[in-house]
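Asks: Sequence first, predicted model second:
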Amino acid sequence: MRRPDPATGLRFAAVSLILCTANICAVARRSSYALLLDDEEDGGGRGDGSASFSFFPQTQPRGLVYGFYDESCPDAEGIVSSTVRELYLANPNVAAALVRLFFHDCFIHGCDASVLLDRINGDKSEREAAPNQSLRGFGAVDKIKARLEAACPRTVSCADILVLAARDSLVLAGGPTYPVLTGRSDSARGFYDEVGARIPSPNATYAVTLDAFARRGFTERETVALLGAHSIGKVHCRFFKDRIDNFAGTGEPDDTIDADMVEEMRAVCGGDGAAPMEMGYYRQDREVGFGAHYYAKLLGGRGILRSDQQLTAGSTVRWVRVYAAGERGEEVFREDFAHAMVKLAALEPLTGSPGHVRIRCSEPVE
């Protein structure tokens with residue numbers, strides 16, 4: 001398969017201000033966070049809080065390019081996009097499922113579709129690890145893959161499908177768009193033993209969460225931004241029921257939860273704790289779309305998961321406050337989130353040998 005010239009894929013022009021983190025740069029006319037700080041300093045400022053920005057690799061991640069399939073499967077990205085739209089219209093929850101699947105894949109050994117594999121020779125798969133047992137979206141990926149195999153057999157990797165599908169579904173849920181590099185190969189194995197050590201628990205303290213993300217190269221700001229993905233989707237009550245009934249063995253609710261929220265959570269969960277609760281559950285107007293309302297909710301003590309609410313317990317609260325600051329906070333959040341997603345998608349890319357393209361995403365190539 002011939003790779004396109006990377007230079008032809010750099011479709012995103014630099015403007016004037018460059019914000020760089022690791023190997024990814026965000027280019028903006030003016031940082032909306034800087035505008036926010038200006039307003040705090042001069043009592044209002046003149047900025048309108050807007051920022052046009054784009055993303056491009058400062059150093060092209062090894063083997064990844066824009067438009068990798070332009071010649072080998074010209075309709076590849078269109079097939080992914082149209083199928084994701086069809087799936088989203090049938091069930092909007094697929095957006096959160098695909099974004100979470102993308103995160104749990106990329107956070108272990110880069111975006112290599114290892115999370116999609118079934119057991120190999122009796123070895124446990126990643127999806128069997130405790131943090132992954134509630135993952136959804138596998139069927140959605142299989143449907144996209146089947147259509148791509150019909151159009152371009154043995155060409156488009158499951159790893160690229162997952163990265164593209166996460167971006168496309170996020171946009172449908174109201175999130176920001178961002179460029180996606182392609183050219184990944186699929187892993188020949190899973191990494192069951194590493195999942196539990198790398199994926200933070202829903203009950204993790206902010207320090208544990210920060211440490212887990214730092215080990216993968218993410219800053220405090222990027223970590224808080226990425227957790228904004230919890231503004232969409234649902235979480236089963238079993239993951240937080242102890243917070244409303246018997247937190248840390250006290251027989252009382254977690255005292256960091258707003259009292260009204262405790263009653264609302266109890267009403268949703270019922271006695272068996274089996275019901276799901278929308279991650280975007282919000283007292284004013286039940287906002288469930290992607291957005292910075294997640295951070296406003298945390299400041300009001302209305303985080304559903306303890307790991308979310310913990311973002312207000314330490315130094316991370318400064319970014320929670322920035323993102324919760326109205327329209328301009330929303331804009332800063334969307335810029336930061338997109339930047340962090342580009343960075344996550346570029347972690348440890350597996351390209352060429354020893355990778356390959358699976359025919360079925362759950363089965364390794366023999």
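Replies: Ah, there it is. Numbers count the residues shown, from 1 in each chain.
Asks: Make sure F107 is actually in contact with A345.
Replies: No. Assessed by C-beta atoms under 8 Å, F107 is found out of contact with A345, at 11.2 Å. C-beta: built from backbone N, CA, C; applies to glycine.
Asks: any weak-confidence spans in the stretch 201-350 of the chain?
Replies: Residue ranges of the stretch 201-350 of the chain with pLDDT under 70: 271-288.
Asks: can you pull out the helices in the protein?
Replies: Along the chain, counting by DSSP state H, helices occupy 32-42, 76-90, 94-109, 138-151, 158-172, 192-198, 206-214, 220-226, 241-245, 259-269, 293-299, 306-309, 317-323, 326-345.
Asks: what about F107 and A345, which has more around it?
Replies: Neighbour comparison, F107 and A345: the larger count goes to A345, with 28 against 24 (by other C-beta atoms under 10 Å).
Asks: Provide the count of other residues in contact range of E220.
Replies: 18.
Asks: tell me the contacts of the nearest residue to G175 once chain neighbours are set aside?
Replies: Leaving aside its chain neighbours, G175 sits nearest to F290 (4.2 Å; criterion: C-beta to C-beta, 6 or more residues apart in numbering). Applying C-beta atoms under 8 Å, 6 or more residues apart in numbering, we find F290 in contact with A95, L170, A173, G174, G175, G228, A229, S231, I232.
Asks: for the residue nearest to T205 when sequence neighbours are not counted, what are its contacts?
Replies: Sequence neighbours aside, Q310 is the residue nearest to T205 in space, at 5.4 Å (criterion: C-beta to C-beta, 6+ apart). Q310 makes contacts with A204, T205, Y206, T209, G303, T316, as judged by C-beta under 8 Å, 6+ apart.
Asks: and if we set it to 7 Å?
Replies: If a contact means C-beta atoms under 7 Å, 6 or more residues apart in numbering, then Q310 has T205, Y206, T209 as its contacts.
Asks: Let's see the PyMOL selection covering just the buried ones among those residues.
Replies: Per 16 or more other C-beta atoms under 10 Å, the buried members of the contacts of Q310 correspond to this PyMOL selection:
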select buried, resi 206+209
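Asks: Out of the contacts of Q310, which comes closest to L181?
Replies: Nearest to L181 among the contacts of Q310 is T209, at 26.7 Å by C-beta to C-beta.
Asks: residue contacts, the closest one?
Replies: T209 sits next to P200, T223, S307, Q310 when contact means C-beta under 7 Å, 6+ apart.
Asks: And those, which is closest to L64?
Replies: Out of the contacts of T209, the member with the shortest distance to L64 (by C-beta to C-beta) is T223, at 23.1 Å.
Asks: List the contacts of that closest one.
Replies: T209, L210, F213.
Asks: still on that earlier bit, ok, the contacts of Q310 vs L101, which is closest?
Replies: T209 (19.5 Å).
Asks: Show me how this structure divides into domains.
Replies: Following automatic domain parsing, one gets these domains for the chain: 6-57, 76-198, 206-344.
Asks: Quick one, which of the ones you listed gets closest to G352.
Replies: Shortest distance between G352 and the domains of the chain, using C-beta to C-beta, is found for domain 76-198: 6.3 Å.
Asks: Output the helices of the chain in JSON lines; the columns should cover distance to I359.
Replies: JSON lines is the format used below for the helices of the chain (distance: least, C-beta to C-beta, whole Å):
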{"stretch": "helix 32-42", "distance to I359": "45"}
{"stretch": "helix 76-90", "distance to I359": "15"}
{"stretch": "helix 94-109", "distance to I359": "18"}
{"stretch": "helix 138-151", "distance to I359": "7"}
{"stretch": "helix 158-172", "distance to I359": "10"}
{"stretch": "helix 192-198", "distance to I359": "23"}
{"stretch": "helix 206-214", "distance to I359": "34"}
{"stretch": "helix 220-226", "distance to I359": "32"}
{"stretch": "helix 241-245", "distance to I359": "41"}
{"stretch": "helix 259-269", "distance to I359": "42"}
{"stretch": "helix 293-299", "distance to I359": "38"}
{"stretch": "helix 306-309", "distance to I359": "37"}
{"stretch": "helix 317-323", "distance to I359": "42"}
{"stretch": "helix 326-345", "distance to I359": "23"}
